[in-house]
Structures are given as C-alpha cells and as structure tokens.
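Visitor: Could you work out the structure for the sequence below:
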Amino acid sequence: MSAGIRLGMVGSTLLLGCLVAGIPRPAQAQQAAIGGQVVDEATGTPLEAARVLLTGTGQIETTNREGRFIFRQVAPGPHQVRVLRVGYKPATLSTTVAAGETAALNFSLAAAVVQLDELVTTATGEQRKLEIGNAVTTIDAARVAEQAPITEFTNLISGRAPGVQVLKSSGTTGTGTRIRIRGSNSISLSNEPLYYLDGIRLESNPTSSTLDIGGFGSGIGAGPSRINDLNPDDIQDIEIVKGPAAATLYGIQASNGVIRVTTKRGVAGPPQWSLFSELGTVSDPHTYPLNYFGRDTTATGIIDGYDGFCSIQSEIDGLCTQTSLQTFQPLNEPVSRPYKAGLRQQYGASVSGGSEQVTYYLSGSYENEIGPFRLPQAEFDSVASVRGGIVPDNQVRPNALEKFGLRANIGANVSKTFELTSSLGFSTSNTRFIENDNSFLTVNGSGTASGSLPEDNRGWFFIPAELFAELANQKANRFTAGISGTWRPREWLTARAVVGHDLVDRTDLQFFPTGQVAAYLANRDGVKIQNAFDISQTSIDLGASARFRLTPVIGSRTSVGAQFFRDLANGTFASGRGLPPGSGTINGASAVEAADTTVEARSVGTYVEQELSFNERLFVTGAVRFDDNSAFGQNFDATLYPKASVSWLVSDKPGGSLNTFRVRAAFGVSGQQPGTADALRIYNSVPGKRAGIGTTGVSFSSLGNFDLKPERSREFEAGFDAGLFNDRVSVEFTFYSKLTRDALISRDIAPSLGASQSQFVNLSRIRNRGVELAINTRIIDSRSVAWDLTLSGSTANNKILELGEGVSDIFVGFYQRHVGGYPAGGFWAPTHTFADANSDDIIDLTEVTLSDSSVFLGTAIPTREASLNSQLAIFGGQVVLGTQFDYRGGHKVDNSLEQFRCFSVQNCRGNYDRSAPLDEQARAQALFLPGGGNSVAFLEPGWFIKLREVSLTFFAPDRWARAFRSNRLSLTLSGRNLWTIDDYSGVDPEVNAFAQDNFASSDFESQAQVRYWTARLNVGF
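Guide: Numbering: from 1, shown residues only. Alright, predicted model coming up:
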C-alpha cells in the first residue's frame, strides 16, 4: 500500500475517531412522535415513496402506499418537517411536540418540474441536488416500470437522461447493450460506466459470454449484458453520475460515469401486496432486401467469363444478353419465412411493510420470452419425418430467455441512533441464443447473402433446419448480498458502512450435434464446447459526515471515507470435436482440449471532502481522493484525484417568468486502471536441453511495463438550472469538456526482445466535448387533465489529440481507424465518383473513379441524441397516455451486408437491375475497381427517429378495485419499437455486428430490433 493511501486512511480514521470521541453521551429522555400523510394537491391521491425529512436531525422516512409516515424518536420541542417527491414541489411544515405526544402534519404537494431540493445519493451520502455543482439525472424507475413497455433494465435508462446513449446492438432476445456517458474516454479499455446497487458495486460486463455466435470472434457477438440480470420491478430509482467532475470520489474506473441503482424498501405499516401479470408478443416486422439474378435464357452453356448469371457489366462486356430478371427472398416468403411472433410473459409479486423497529420488502418474479425465430413448417415436417416425429424445442424455437428472481430487503432500527439494512438478491437465467452477426451460420445471412436460386437449396445458403440445430446456451446464477449500517450519534454526525458481494456463476454451452448442423468447418462432425466461470466483486465502503453551523450564515459539511474493492474471475474451458452420432458429452469426442484462467484485481482508496454553504444559497465544495490498484506497474505509486465544485442559487422567488435560477460548475479527475496483467512480465515454459539432458526453460510471453499507470481523465462542466412561469417549466443546461491523458496504447516493439510483438504504454490523449439540455414542462395542469412533456438532448464530440510517439494509425472494424487529430474509431476509406458519360442510364465500370487515398468520412457512434417523452393524464389521472420518440444522429453506418451481397455473392440490385438508381449501380461497380473492395461506397447516414414507446394505462376507480378486494388496480397496454424513419437502405441502422465492441461498428447479417406488444395488469392490496 502506498504512502499516500496510508496517510489518507490514517487521517480519515483520526478525524472520525476525534469526532466520535468528543461526543458527550446524552441523558435518556421521554421521546415524542410526528406523523402524517402526503397527498397530491390536485387529485388528493396519496403519494407513495415521498422522502420526509426531520430537519436538523438526519432522520428520513419514506411514505407508504397510503402516503403515510411517522417519526417515533423525536426530541420534545419545536421541529420542521420537509417533504420531497420527484415531480412535486417540496413542502415544509412546523410543529411543536411535547414528550409522549404525537403531532400530526398533513402535506398536499403541488406538481412541479423544478427539482433542486430533490435528495440524491453521492459517494459521501445523501445530499440535496441544490448543493451539488454537477448535473445528476434521476429516473423514477418504479413509475416507468409499471407504465412503460420495459423488457430489460437498460430500457429504464434509454431516452430518459441527456448525455447518456443506450446502444442496443441486436434484436435477438437476451443480447446486450452498450452504454456511453458523455462519449468515449479510452481506446484500449472499457468505456462502460460503473454500476452500484444499494451501495454495492456490480459485475456489469456488457458482453458476458464466450459463445462463438457471430460478431467477429468468440465471446464478442450477440452476448448478454450482465446489468440486465436486474429486475426492473424491484428498482425504486436510478441516479446517473455523468463524468469525472462528479465521479471523482468513486475513484479508479469511474471516469466513464457511475449509475447508482436503489431498490425498493419497506415502510412501517401493515403488509402492502403488489402483484403483476404481463403477456405480450415479440415479432420481427421487417422486410428484408430482395436477392437479384439476371438470366440469359438464350445461352446454351457457360462460356469464359460468364457464370450463367447475366449482370449489367457482363452484358456490357458482351458476354450475355439479359432476358429475365429474377427476384426472391426466402426471409420474406410466408412458406419459408423463419420468423413467427414469440410469446413474452412475466409475473411478479411483492410485499412490504413492517413495524417501527423492522421493515421489509420481499419480491419474486418469473420471466419467459420466446424470440421471433421459428422453424418453418415445411422444414419442421422434414426433420420430423427423419427423426421419428421428434424435433427438439431448441430447434423449433432457437432463441429464448427464462429468468427467475428473488429479493429480500430488510431494515432495522437497532436503536434511535443506529439503522441496519440488508439487501439480498438472487436471479437465475437460462438463455438460448441463435447465431447472429458475421457468421455463415446466421439465418439472416443465409437468406440475404445466398447465391442460391429458389430451385437450388430453396434459395438458402444453409437451410434453417441446419442452422437451428445448433444449441448455444448460457445459464447464469447471480447472488448479490449487502449490509449497510448508518449511525447518527449526534444530529450533526452521520457514519455509515456498506459491505457487499456480487457473485455470478455462469456456464456457456455450445453444441453442434453430429450430422444435423450445416456443413461448415468441422461442425457437422460433432462439436461440444462448455466453459464455466465464477465472477465476483467484493466492495467495502466506510464513511462519515459531520455538519456544523460555523455562523448563522455559514454551514460546514466534512466527509471522510475509504473503500476497498476486489474483482475475481475463475474460468475453465473444455471442448470436444469429433463426436459419435447421438453423443452429447465431451468425453466421447475424438479430440479434447481444456484450459483454465484466474484474473484478480484489488484497489483501495480514501477521500476527504469539505463543503461550505453560505446562507443556504451558495455551496462550495473541495475534495481529494487517493487510489492504489494491483494493476499499476511496480514503479508507479498511488494516484491522487482532486475535485472542486460550486453551486449558487441566484434566484428563488414565486411569481413572474423566472422563479428559480441556479448556476453551477464542477471540476474533477478520475481514472481507469490498466488490464490486470498489462504491467506484468509473463513467461512461458519451453522444452530444452542442458548437458544433453531434456529439461524445461522459459521464454518471454509478455514483456509487461513496470511504469504502467492508470488512464487519467479530468473534466470541467458548467451549467444552469432555471424554473420558469411559476415553476411550470424547468431548463437544465450543461457544457462539459473531458480530457483523458496517459491513455493506454498497444505499441509495437522489436521482435529481438523475444516477447510479444506489442506492449501497453501510457501515450495518448483523448478529448470529449459537448452540451446537454433538458426541458421539462407541465403544459396543462388542472384537476381533470395534466400533460407533462420532456425534451432532452445532447452532443458528444470526440477527438484523439495524439496517439503518441512511434504509434501509427490503429485499425478497428472493417474501415475504421484511430487516427491522431480525428474522432476515435472513425471511418477511413477511398471514395468513388461516377458519371453517366453516354447518358444511357447505365453505369459501367469505366464510368466509376476511385480516389487514390483514404479519407475521413465520419464516426460510428452517434454524436447527437435527443428524446421526447410525453405523459398525458386525463379524467383526474385515471387514464394516462405515454409516448417516447428517440433520435440518434451525426454518425455513419457501414452497410457491410449490402457490400458483401454486391461483391462476394453478387446478388444485389446494383449488379443486375438496369432500372436501379445510378448511385446504386455505381457503388456496386466501384467494388470491382482495383482497391474498390476497401472503398466506403456502402457507408450511409446513420440517423434515425424511432417511436420507441407507446403506453396507455387505465387506473380503475376505487369501487372497481374494491370489487377485487384490492386498493389499487391498473391495466397497461404498450408497444415498443413501433415506427422508424431514416435514410438507411438496410433494414435497421441501430444494429451492430460487432455487438458491444468499444468502437467497431457494422451492419452485417445482424438481427434488426424487434417489436413488442404487451398487456400488464397491476393489483395492489
């Protein structure tokens, strides 16, 4: 452990010890109580999950379903109680209570869109949003999950936070998602944010799989994201901390932002039951591009240079005369279409309640989703006839997800000053995947990139029966446990501790039954692959905060803390090739391979933060954090991360057009640790001889880098929050600029060193800049009608300022490169021009020109995003209509599938159809010029607007609910991915054949986003 870390931990411990030691023990006195109810001012509806604060004591309660709360440990005398609820104006009431009495305070909250008094969770504990100098987005996940078409955790975030991009790579059930917050900071390391669940750090690999199911390599394509293990119905809210300026105190690995998830909790009162049932469909509504073939029916045989298909160029060259043009697509034909709507179903139940000493929240859920793929009936009959009428379920429906989850959250008031909370979650999932993304074994590719005619192999490259016979399956068991304690020995002092463990037990299975799968490589001879992993994260978080009034005007808040993290992954790999017919075990294979791996990383950090407030309007904060990590090079000591912020409430007055105005600014530094073994010198054993006797020697496997240090990202952000027109409109604006120094680059080294050909070094600098805007407005606010509209958007402009001395351009994907002075992962390729010189409406090879060199043509990741969320409540809130429009733009999509069809398979329209647009003919011809295969003729605009969500919720009148012996009854009808507008010639510009890769992006045999229709019934009693 470094000297800096030791000094920080000693200082933190001494400060906490002095604070605690100096506390005189209070004499026991008879206590009083304060209770009441919180309701909506317009409708009188009780408000659940409102935060109720007993001012000056640190005590916080949460209202139950009836909107009720109670503080039972209250000192006699005058008190103020403040109520906060997302979507409502805060309210404060005063009372004086005598010993042994209970004071009643009832609150009626008015709707509002300005939320500066909202409580948010920071690294040092809960604070008001007003006190924080950086932008934080809070999502009311409980409401969204109940009323919107939410099928997985990442749906809760998508389109609901400016500056956050949720990039869904595939429509295949169970596949994962990339999330980018304010751009990409690293070339070589992950750009995914950190996740915390109830203060516990989570395993959140965006591609948690070793299954080789496409996507350019084992474990890259079409895999699941571990964060989607979370059950959306267990989540109360989500807070998004967007960059180093805000995430400094989260330490190492926090430079990409932090997403904090809080699950539901019980509140004192009788048991409150909630049940839900959801049924729906999953379908592929898309029409796939036609396969084109020109024929010369007068030809008597194949001649030199003519293969029997008469293309435009073949006819120009005089090799044939096109007499017929044939089009077909087996993916679209009803008889051969391998798609049929799958069933989605989900059921859940929860109960919460408790006493003043112990509260609880218990839940269970079951989810089953059948993907949109189905074996065509004709092929089903064919397989059944060969196999005695038995067709395995996985061959009929090759894509499915089954998930079961349990959660138990227990809270205990051990004493009037000490609270203990436990959080336990368990989930088990079984996901069946289908080959997708750049694989000869994809059903999409076998239909669209087939060189077969309808009479040959039914138009397929491989028939669906062979493709669907492969079994690709992942089973995952996840257990997350945490316990947290909060001690308030004095009104001004709070100490806390959180200890958590997140364990994922995962098995990846891939099986090619002998003689049943497509004849590709050696798969038809029988192959089984089985890999097992145990992946865990252990976290310990200790902290204390002290609040003082230095003067009647100046307030102080001092926080200290320390964290420890341990990441551990153990894996075993086993495979067998050459299985006897009917065998499904690796032991029966003719060739068996096995291996194992262990990866471990540890980090420790400490911090000190000081906040000063002036008249509760100006808040100035400074902090510093020390971090050390086992992945650092041995010559590098701990790293220090500073932070500073200011928040100034300029105006806060009722009436007029400008009611609330706050300006804020923040600066902070965070980082990312290198790969676990990047700094290490690793040796391999090699056979040798010594004195003529066989022995074992060693050679370099990796040279390592003893000077390796973390990537270091610093960020400045500034902005304002404004409340307009009696707080009916809120505007939140933020500018940010992020600079990453010491970014890791894999640099080539001399072969004479006897090690690997590259070494990780800290060389590069990367910049991200952009703006974020969120406008919330209540357009209509009456007792019968309320209409809320939220428009949000952001820009994210990325640039590699320098790659580093001795580092040439780095190639990723098909036509992407990392080049100094340009965005990371930009598209680079020669361009083409064309002219119909003879005005015959035909483009031949001589009329297309290719540029001599590659040029920058755009980025793969959107530089602009926006969303429009609308919620219209009528009949006093009994009927609610919700919609979400989602926009992405400023980027390009590589339509690699169409390029492959035009060049390798030669079945695209531009090859054969004389009536095709000239630009479509030209880009097909450009591929056949020298170097044309590397042209960017098929790079297209990637922008799109999608009607992402539509929902209609009906809240039954109380008398209807009582008829079912319940106190709450609602029905939601919803749809997801219902409409798209774009300029893309492919099926869906949103997909990515490289799945969750950092930068590489392409649409190549990828499954388009699917459509959901669901009906959900919610019952409470």
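
Visitor: Show me the shaky parts of the chain.
Guide: For the chain, residues meeting the criterion pLDDT under 70 lie at 1-30, 215-222, 299-307, 682-686, 688-692, 694, 696-701, 750-757, 934-935.

Visitor: mind giving me the domain split of it?
Guide: If you go by automatic domain parsing, the domain ranges for the chain are 143-285+338-825+860-895+938-1020, 292-320.

Visitor: Tell me how far the longest one lies from the chain's centre.
Guide: Going back to what we said before, that points to domain 143-285+338-825+860-895+938-1020. 3 Å (C-alpha atoms, centre = their mean, to the nearest Å).

Visitor: distance between the ends of that domain?
Guide: One end of domain 143-285+338-825+860-895+938-1020 sits 14 Å from the other (C-alpha to C-alpha, to the nearest Å).

Visitor: Kindly report the same for stretch 321-340.
Guide: 40 Å.

Visitor: So for it, what gets flagged as buried?
Guide: 322, 328, 329, 330, 331, 336, 337, 338, 339, 340 (16 or more other C-beta atoms under 10 Å). Any C-beta I mention is one placed from the backbone N, CA and C, and that applies to glycine too.

Visitor: Identify, from those, the entry nearest to residue 570.
Guide: Proximity of the buried residues of stretch 321-340 to residue 570 was ranked by C-beta to C-beta; the top entry is residue 338 with 38.2 Å.

Visitor: wait, doesn't that closest one sit right on residue 371?
Guide: No: counting by C-beta atoms under 8 Å, residue 338 sits too far from residue 371 to count as a contact (11.0 Å).

Visitor: picking that back up, could you say which of the domains of the chain is packed most deeply?
Guide: domain 143-285+338-825+860-895+938-1020 (a mean of 20; mean count of other C-beta atoms under 10 Å).

Visitor: quick one: the helices in the stretch 301-450 of the chain?
Guide: 312-316, 377-386, 393-396, 443-448 (DSSP state H, counting those that start in this stretch).

Visitor: hang on, I meant the chain
Guide: With helices called from DSSP state H, the chain shows them at 3-21, 141-147, 244-247, 312-316, 377-386, 393-396, 443-448, 464-467, 896-900, 909-912, 918-926, 958-963.

Visitor: so which of these gets nearest residue 838?
Guide: The nearest among the helices of the chain, by C-beta to C-beta, is helix 312-316 at 10.8 Å.

Visitor: For that closest one, which outside residues touch it?
Guide: 294, 305-306, 320-322, 842-845, 911-914, 921, 925, 928 (C-beta atoms under 8 Å, 6 or more residues apart in numbering).

Visitor: So which of those residues are in strands?
Guide: Members of those lying in strands (criterion: DSSP state E): residue 294.

Visitor: Just list whatever residues bridge to residue 40.
Guide: Under DSSP bridges, the beta-bridge partners of residue 40 are residue 109.

Visitor: Assess the claim that it and residue 48 are in contact.
Guide: No: look at residue 40 against residue 48 with C-beta under 8 Å: they stay out of range, at 10.8 Å.

Visitor: thinking again about what came up before, could I get the domains of the chain as a markdown table with distance to residue 109?
Guide: As requested, the domains of the chain are exported to a markdown table (distance: least, C-beta to C-beta, whole Å):
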| stretch | distance to residue 109 |
| --- | --- |
| domain 143-285+338-825+860-895+938-1020 | 12 |
| domain 292-320 | 63 |
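
Visitor: Figure out which of the ones you listed is closest to residue 95.
Guide: The minimum distance between residue 95 and the domains of the chain falls on domain 143-285+338-825+860-895+938-1020, with 17.4 Å, by C-beta to C-beta.

Visitor: how close does the residue nearest to the spatial centre of the chain get to residue 405?
Guide: By C-alpha atoms, centre = their mean, the mean C-alpha position of the chain lies nearest to residue 179, the distance being 4.1 Å. Using C-beta to C-beta, to the nearest Å, residue 179 is found at 21 Å from residue 405.

Visitor: Next: residue 986.
Guide: 36 Å.

Visitor: a markdown table for the helices of the chain, including distance to residue 796?
Guide: Output for the helices of the chain, formatted as a markdown table (distance: least, C-beta to C-beta, whole Å):
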| stretch | distance to residue 796 |
| --- | --- |
| helix 3-21 | 33 |
| helix 141-147 | 24 |
| helix 244-247 | 15 |
| helix 312-316 | 42 |
| helix 377-386 | 46 |
| helix 393-396 | 41 |
| helix 443-448 | 30 |
| helix 464-467 | 38 |
| helix 896-900 | 24 |
| helix 909-912 | 34 |
| helix 918-926 | 29 |
| helix 958-963 | 46 |
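
Visitor: of those helices, which approaches residue 887 most closely?
Guide: Of all those, helix 141-147 sits nearest to residue 887, with 19.3 Å by C-beta to C-beta.
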